[in-house]
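**Student:** no FASTA, just this:
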């Protein structure tokens, strides 16, 4: 059940809900090279699936809720029929640098009851009591996000920085001009770079690249546009540079990423309209 689109800031409650989902028998949870602009909450009522990071993997179990912050590269792996609940969202606060990722939280009785309620509120894929799912999801998120195991940065991002981040995400296809973003934030260039990295965890140039690659991955997965077209749409000077950057961040070339995504969805590449050779 989708709610608010990407790019909107969290509301006054401190969290923006993007999507909540539940499948009673999720028997094909294979999504390599996931890089999301949102946080993700995962809970499986039975074991059988796992999340793989570059150097370590974690099982999804009935004993824990797993939180994965935004802009983290991971692989979702699971082929067994497992009851699976997920929520994608964006909090207003940023994690402290010392926080381990992913965040594993032993599920409490109240949280488990809310997860069961969510499962009952769905009557099918994309079907159910929309308002009830919204408020149950937010209730669960608010309980989870105040857990002492989560270490937040002190204070909230300045309004000027939020405006600059919003502008960068909306204008990602344009060349990065840190001086313009600094003016939007009401800061000098050096001060802006320092504050940006403090709250976003990466430098402006790195964040800009992440956003471009994220949008390109979406186009690869959801459109038949050629790689040249996608490179142009996302602001890369040519497909060769785009392919190098994409592979550096996600570990796959754009063409391989597209093929793997289609195979994971059970779609035959030959059934799609023909496009230019991608390799």
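**Tutor:** Thanks, I have the structure now. Since the structure is predicted, the reported quantities are computational estimates derived from the model, not experimental observations. Numbering: from 1, shown residues only.
**Student:** from what I can see, residue 219 looks like it's in a strand, true?
**Tutor:** No: applying DSSP: H, G, I helix; E, B strand; the rest coil, one finds residue 219 to be helix, outside a strand.
**Student:** element containing the nearest residue to it once chain neighbours are set aside?
**Tutor:** The shortest distance from residue 219 to any non-neighbouring residue, by Cβ to Cβ, 6 or more residues apart in numbering, is to residue 230 (4.7 Å). Yep, even glycine has a C-beta here, placed from its N, CA and C like the rest. Element membership for residue 230 (DSSP states H and E) is helix 227-233.
**Student:** same check, this time on residue 40
**Tutor:** strand 39-44.
**Student:** Report the rounded mean pLDDT for that strand.
**Tutor:** On average, the pLDDT along strand 39-44 is 97.
**Student:** Please apply the same query to stretch 112-129.
**Tutor:** The model assigns stretch 112-129 a mean pLDDT of 93.
**Student:** Model confidence at the residue nearest to residue 219, what's the number?
**Tutor:** pLDDT at residue 230 comes out at 95.
**Student:** contacting residues around it?
**Tutor:** 216, 219-220, 223, 242, 254 (Cβ atoms under 8 Å, 6 or more residues apart in numbering).
**Student:** circling back: what does the next helix or strand along the chain from the strand holding residue 40 rub up against?
**Tutor:** The helix or strand immediately downstream of strand 39-44 is strand 49-52, counting by DSSP H and E. Strand 49-52 has contacts (Cβ under 8 Å, 6+ apart) with 26, 29, 42, 57-60, 66, 68, 74-78, 80, 82, 84, 102.
**Student:** Each with direction, which strands does strand 49-52 pair with?
**Tutor:** The strands beside strand 49-52 in its sheet (DSSP bridges) come out as strand 57-60 (antiparallel), strand 73-77 (antiparallel).
**Student:** Residue 19: how many residues sit nearby?
**Tutor:** Neighbour count for residue 19, taken as other Cβ atoms under 10 Å: 15.
**Student:** so where do the helices sit in the stretch 1-150 of the chain?
**Tutor:** 109-121, 130-145 (DSSP state H, counting those that start in this stretch).
**Student:** Of those, flag the one that's most buried.
**Tutor:** helix 130-145 (a mean of 17; mean count of other Cβ atoms under 10 Å).
**Student:** So which elements touch that helix?
**Tutor:** strand 15-26, strand 39-44, strand 82-91, helix 109-121 (3 or more Cβ pairs under 8 Å, 6 or more residues apart in numbering; DSSP states H and E).
**Student:** can you rerun that using 6 Å?
**Tutor:** Judged by 3 or more Cβ pairs under 6 Å, 6 or more residues apart in numbering; DSSP states H and E, helix 130-145 is in contact with strand 15-26, helix 109-121.
**Student:** what does the first one contact?
**Tutor:** If I follow you right, that is strand 15-26. 1-4, 8, 10, 38, 81-91, 118-119, 122, 133, 137, 141 (Cβ atoms under 6 Å, 6 or more residues apart in numbering).
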